[in-house]
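*Asks:* structure of the sequence below:
(one chain, ligands or ions: 1)
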Amino acid sequence: MKQNGTLWNTPAKVLEETGFETREVLANMKEVDGIGTLTIDEIGDEHIATSYDTPLRPDAFDLSDEAKMDIIEGHFREIMLALGLDLADDSLRGTPRRVAKMYVQEIFNGLNPKNLPKVALFDNKYKYNEMLVEKNITFYSNCEHHFVPIIGKAHVAYISNGKVIGLSKINRIVQYFAKRPQVQERLTVQIASYLKQVLQTEDVAVIIDAAHMCVSSRGIQDQTSTTVTSHFSGAFRSEAKKTELLHYIGKLEA
Ligand SMILES: [Zn+2]
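*Replies:* From the prediction side, this is the model:
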């Protein structure tokens with residue numbers, strides 16, 4: 001699949017050089033990969049992200065969650081009606097509201113910064129300065145091009161610069177960024193970027209291995225492929241640290 005090939009490698013390098021300037025990264029992506037020449041359908045079908053930030057409108061959070069659910073409920077009812085479904089049926093009657101609640105309160109609640117996990121930093125009492133790896137973090141996300149599930153595992157590692165965070169926070173950070181319409185590469189970078197910010201270190205690595213339902217249940221209908229994306233920065237750019245990490249998460253033999 002294209003998303004774990006050359007498309008990813010170049011921007012990762014650019015990222016490091018530009019210090020996360022999305023505009024510059026994007027400019028480079030366009031130049032290298034010709035995104036600017038693709039049609040809207042091609043961008044979606046190839047699962048190409050256009051930026052590292054989730055594209056949000058400036059007024060994204062002007063409406064209350066309740067108001068958003070009302071709007072989505074109405075529109076989802078229209079979708080069901082257009083498909084020819086009988087909403088008088090007891091089984092279908094509550095579906096528009098259920099979908100609206102699920103979107104706003106569950107599977108897309110990572111869009112709203114108010115849900116960003118609060119992270120407390122602790123002193124690293126044990127002076128443990130080796131890498132800490134939190135592996136096999138299961139997450140459920142949704143492809144922003146088809147709104148169908150992406151199911152995968154994230155492996156996250158960091159080397160403390162004197163501060164540590166609670167282990168469950170790493171899980172929560174992964175879940176927060178997963179609960180958005182996503183592209184796997186963006187999810188990888190968003191998790192890494194936030195961890196660098198809270199841990200105040202560049203020594204962070206994120207590897208994600210995920211199955212995309214839009215690849216398995218429709219389109220090419222490949223049931224077995226998964227997509228791997230990675231972001232290594234700071235000390236993790238050295239071959240030794242990379243190898244050590246891959247060994248811990250059991251990916252070396254691959
Ligand atoms: Zn998709």
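*Asks:* let's verify Arg186: helix, strand, or coil?
*Replies:* helix (DSSP: H, G, I helix; E, B strand; the rest coil).
*Asks:* these two touch, right, it and Tyr52?
*Replies:* Yes: contact status for Arg186 versus Tyr52: in contact at 5.8 Å, counting by C-beta atoms under 8 Å. Yep, even glycine has a C-beta here, placed from its N, CA and C like the rest.
*Asks:* so His231: helix, strand or coil?
*Replies:* strand.
*Asks:* so which helix or strand takes in the residue nearest to it when sequence neighbours are not counted?
*Replies:* Closest residue to His231 in three dimensions, ignoring its sequence neighbours and counting by C-beta to C-beta, 6 or more residues apart in numbering: Ala192, at 4.3 Å. For Ala192, the element it lies in under DSSP states H and E is helix 184-199.
*Asks:* with Leu92 instead?
*Replies:* Element membership of Leu92 [criterion: DSSP H and E] is helix 90-93.
*Asks:* packing partners for that helix?
*Replies:* Contacting helix 90-93 under the criterion 3 or more C-beta pairs under 8 Å, 6 or more residues apart in numbering; DSSP states H and E is no other helix or strand.
*Asks:* rounded mean pLDDT for the following helix or strand past it, please.
*Replies:* Tracing the chain C-terminally past helix 90-93 and defining elements by DSSP H and E, one meets helix 95-101 next. Mean pLDDT, helix 95-101: 98.
*Asks:* next, the buried residues of helix 95-101.
*Replies:* By neighbour count on 16 or more other C-beta atoms under 10 Å, the buried set for helix 95-101 is 95-97, 99-100.
*Asks:* hmm, back to that, next, the angle helix 184-199 makes with the helix or strand just after the helix holding Ala192.
*Replies:* On the C-terminal side of helix 184-199, the closest following helix or strand by DSSP H and E is strand 204-212. With axes from the mean of the first three to the mean of the last three C-alpha atoms, to 10 degrees as the basis, strand 204-212 and helix 184-199 are set at 150 degrees to each other.
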